[in-house]
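Participant: got a predicted model here, sequence first, then my questions.
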Protein chains: 2
Amino acid sequence: MPDPNAFAPHDHSGCTKTALAAAEDLARTRGLRLTPVRRKALEILLEEHRALGAYEVLERLAAAGFGGQPPVAYRALDFLVEQGLAHKVRRLNAFTACAHPGEDHAPAFFICSTCHTVAEAPEATVRAAMDKVARELGFAIERTSLEAVGTCPACDEAA
Amino acid sequence: MPDPNAFAPHDHSGCTKTALAAAEDLARTRGLRLTPVRRKALEILLEEHRALGAYEVLERLAAAGFGGQPPVAYRALDFLVEQGLAHKVRRLNAFTACAHPGEDHAPAFFICSTCHTVAEAPEATVRAAMDKVARELGFAIERTSLEAVGTCPACDEAA
DNA sequence: TAGTATAGGTTATAACATAACAAGACCGAC
DNA sequence: GTCGGTCTTGTTATGTTATAACCTATACTA
């Protein structure tokens, strides 16, 4: 099973393990410090396949004994995003753990407006299409946000 | 010249006139009220090809004699977005006038991080690529945000 | 072990957004 | 034309998201 996605049933503890292992790898190879807050923030994001607001993460960090002020959460989240271990979902002003850490990827997000699950799809085709338009405009892309809001298979069936 | 874009030199008063005309058309055909605040908000967005924050629009509305509280701006902007006369750029938490009003379009935005110009490209290909991925996931897309941050031709050349 | 860089904690505040209610404008039915 | 409903604007108040600035602590480096 090469590419589980958030909408399909899957062994979730596997997601978590893979992501944490990737984070530790990264820290080792890039000489970064995966400190307790940062690790805990990643674990919090990994608990569910949805995006959490910074203040939601903050609450849980505080409950785990870390500082309770906004910068605590924002700094940990910024670190994770910079290192590609998490992504910010602009549509939600919220953060989600990266589903394909380590890979060089331009992700696209599919957000279910009913159950709030967020699936990350590794997005070569969409990115290629963006690149093509960019070339026509003479625009040099640095980063993209590709997001869709809609209904996931489970919620669609339920309705 | 079929499709001017924000990055290329163009007759800007043309953009404005077209957009206002389209807005009036819409109001007529859909039986909507393009009230003074709404019209003024659109004019404000049309002044430049960049995205303005709601509070920036608010300031200018207030200066023009309208109410000075946030809901005044948000309501006018919401109206314009609902009617497809403006778009929200999620990456910037800001609003920009629609460059192709009336057309049924899934826009993509190209945001220059140097001069802050925002170009809107009518986006069939990118949307098609998103649809393909969505189909594979069993996901039904309702709305998309397709945005890229980078460098526009002019700023690229300057650097 | 002194010096520098990085990280975490705190206070305070900035920036973005909406809920809830009151007053006025518009519009169709009569 | 005027009554009643609906839509629009305005206001106060508050909620939510994000960052600036400063200080202490930790950790790595020479």
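Facilitator: Done, it's in. Small disclaimer: the values here were computed from a predicted structure and weren't measured.
Participant: buried stuff in whichever helix or strand A:Ala22 is part of?
Facilitator: Assigned by DSSP states H and E, A:Ala22 belongs to helix A:12-30. Of all the residues in helix A:12-30, those buried under the rule 16 or more other Cβ atoms under 10 Å in any protein chain shown are A:Cys15, A:Thr16, A:Thr18, A:Ala19, A:Leu20, A:Ala22, A:Ala23, A:Leu26, A:Ala27. All C-beta atoms are positioned from the backbone trio N, CA, C, and that covers glycine.
Participant: now the end-to-end length of stretch A:100-107.
Facilitator: End-to-end distance for stretch A:100-107, by Cα to Cα, to the nearest Å: 9 Å.
Participant: next, see if that stretch gets close to chain B.
Facilitator: No: shown here: stretch A:100-107 not in contact with chain B (Cβ under 8 Å from any Cβ of the partner chain), separated by at least 9.9 Å.
Participant: repeat for stretch A:7-21
Facilitator: Yes: judged by Cβ under 8 Å from any Cβ, stretch A:7-21 and chain B are in contact via A:Phe7.
Participant: from B:Val149, how far off is the closest residue to A:Gly102 other than its chain neighbours?
Facilitator: Leaving aside its sequence neighbours, A:Gly102 sits nearest to A:Ala22 (Cβ to Cβ, 6 or more residues apart in numbering or on different chains; 4.8 Å). Separation of A:Ala22 from B:Val149 (Cβ to Cβ, to the nearest Å): 25 Å.
Participant: which outside residues touch stretch A:30-44?
Facilitator: With Cβ atoms under 8 Å, 6 or more residues apart in numbering or on different chains as the test, stretch A:30-44 has contacts from A:16, A:19-20, A:23-24, A:26-27, A:52, A:57, A:60-61, A:64, A:66-67, A:72-73, A:75-77, A:79-80, A:83, A:85-86, A:97.
Participant: low-confidence stretches in chain A?
Facilitator: In the predicted model, chain A carries pLDDT under 70 at residues A:1-3, A:104.
Participant: residues of it that sit close to chain B?
Facilitator: Residues of chain A lying near chain B (Cβ under 8 Å from any Cβ): A:5, A:7, A:90-91, A:108, A:110, A:112-113, A:119, A:121, A:123, A:125-126, A:128-130, A:132-134, A:137-153, A:156.
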